[in-house]
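[1] A predicted structure for the sequence below; I have some questions about it.
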Amino acid sequence: MEIIILSVAAFIIAILTFFSGFGLGTILTPVFMIFFPAEVAIASVGIIHFFNNMLIAGMVGKNADKTVLIQFGIPAILVSFAGAWLLMNISNLPDLYSYTISEHLFQVKPVKFIIAILLIGFTLFEIIPVLKATQFSKNKLPIGGLLSGFLGGLSGLQGALRSAFLIKSGLSKEAFIASAAVLSVFVDITRLSVYATRFSETSRHENLSYVFAATLAALTGSLIGKRIFKKITLKFIQVTVVIMLFVIAIALGTGLFL
């Protein structure tokens, strides 16, 4: 039953996140945590995330904006290590606040709360008319990369911050999805180099069947997303990104996501 739940979740989330450019790892990880320890869930979803992004990059990567890959991607990858280092040194900070519902404890970390506020701020750029007209010119790409990479390394939410910035960079829908996918592959390679050892140490052989099934389901979802891609408008993608940002921000701010 568990393998069906994980596969269906991966399939549905992959279709949705094909257009948003982020969210597969963020949403699927809590689902995996229902059945596995946190470290195994993170490593497992990291593998699924990598292969899914590889598929998307292979399908649409030719449309990636080279300026985005260089000016946004390089700073993001470099400073993500600084963010990860800082995370290791502040991991013992006390919760900002916590509460209990039906005997379940919800804890909100300071970093997650800050990211939640930032994501809500980005959603305002698509809701408030004056801010909606704002576009981030390409000379701002390194700034977006630094912000996305550092906070991504610190919180693991690089994809959400990246899409929040790129959606306002004047890219076509093709360039947006392709650039996000290629950048995701770069980031996945760096973080999987860390996860690989942990996964081999903490997982059992039988857990790989869940990862394999969920990976196939996610790939199938992305293939379906590609098939309906031509029917999707840039406006739909923008709305999808805004909704995803808002939902994830609320989940982070209320402690639903670790």
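    Sure thing, it's come through. Remember, it's a predicted structure, so these values are computed and weren't measured experimentally.
[2] can you give me the strands in the protein?
    97-101, 104-108 (DSSP state E).
[3] Show residues contacting the first one.
    Contacts to strand 97-101, defined as Cβ atoms under 8 Å, 6 or more residues apart in numbering, come from residues L105, F106, Q107, V108, G255. (Each C-beta comes from the backbone N, C-alpha and C, glycine too.)
[4] hmm, which two among those residues are most spread apart?
    Farthest apart among those by Cβ to Cβ are L105 and V108. That separation is 10.9 Å.
[5] And the two? Which one has more around it.
    V108 (19 against 10; other Cβ atoms under 10 Å).
[6] Excluding chain neighbours, give the residue nearest to that one in space.
    G255 (4.4 Å; Cβ to Cβ, 6 or more residues apart in numbering).
[7] How many residues are close by that neighbour?
    21.
[8] for A213, same thing?
    Neighbours of A213 (other Cβ under 10 Å): 17.
[9] give the contact list for it.
    Taking Cβ under 8 Å, 6+ apart, one finds I3, L6, S7 in contact with A213.
[10] How much space separates the last one from I42?
    Distance of S7 to I42, computed by Cβ to Cβ, to the nearest Å: 19 Å.
[11] which regions of this protein sit below the pLDDT cut-off?
    For the chain, residues meeting the criterion pLDDT under 70 lie at 38-39, 87-92, 130-135, 152, 154-157, 191-206, 257-258.
[12] how about 50 then?
    For the chain, the stretches flagged by pLDDT under 50 are 202, 204.
[13] could you pull out the helices for it?
    2-20, 24-33, 38-60, 66-67, 74-90, 110-127, 129-132, 141-155, 158-166, 173-202, 207-227, 234-253 (DSSP state H).
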